[in-house]
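Undergrad: Below: sequence and its predicted model.
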Amino acid sequence: QVQLVESGGGLVQPGGSLTVACAGSGRGVNGYTIGWFRQAPGKERERVAVISWNGLTTYYADSVKGRFTISKDDAKSTTYLQMNSLKPEDTAVYYCAAGPSWSAIATIRLDQYIYWGRGTQVTVSS
């Protein structure tokens, strides 16, 4: 069993930066693909960024490419999402999830992620 806990959300002004973290625990947690997702009110959950279990491969949604960076620290079993140049449309609850350790991380469907955290709220507003 793997547990994931998100932290670091909050209120930030447009153009600002914020880093959210996903702390993992449990057997083999560092061997999973980790994805960051977000869900705004009235909208479907969408994939934001994904990192492979070994940290060598990353994927970003077009809407965040060039602004967000995903990284991981296996010593802390923690995955980070650094968010720069934030926009009001980035406002959402951000979730992390653990999925299968495939090489083609962009092909992993949302319903194939096995473990989910409870989310952290990110609000971008002046």
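TA: Arrived safely.
Undergrad: Counting neighbours, what do you get for L110?
TA: L110 has 14 neighbours, counted by other Cβ atoms under 10 Å. Every C-beta, even on glycine, is put in place using the N, C-alpha and C of the backbone.
Undergrad: ah, wrong one, I meant G15
TA: Neighbours of G15 under the rule other Cβ under 10 Å: 11.
Undergrad: Is it correct that it is in contact with L86?
TA: Yes - shown here, G15 and L86 form a contact pair, counting by Cβ atoms under 8 Å, at 6.7 Å.
Undergrad: what comes into contact with the helix or strand containing T69?
TA: Taking DSSP states H and E as the definition, one finds T69 inside strand 68-73. Here strand 68-73 makes contact (Cβ atoms under 8 Å, 6 or more residues apart in numbering) with 34, 36, 48-51, 55, 58, 60, 78-84.
Undergrad: what lines up beside the next helix-or-strand element following it in the sheet?
TA: Following strand 68-73 in sequence order, the next helix or strand is strand 78-83 (DSSP H and E). Strand pairing for strand 78-83, determined by DSSP bridges: strand 18-26 (antiparallel), strand 68-73 (antiparallel).
Undergrad: so how far is the helix or strand just after the longest one off the chain centroid?
TA: Using DSSP H and E, the helix or strand that follows strand 18-26 in sequence is strand 33-39. The gap between where strand 33-39 is centred and where its chain is centred comes out at 4 Å by Cα atoms, centre = their mean, to the nearest Å.
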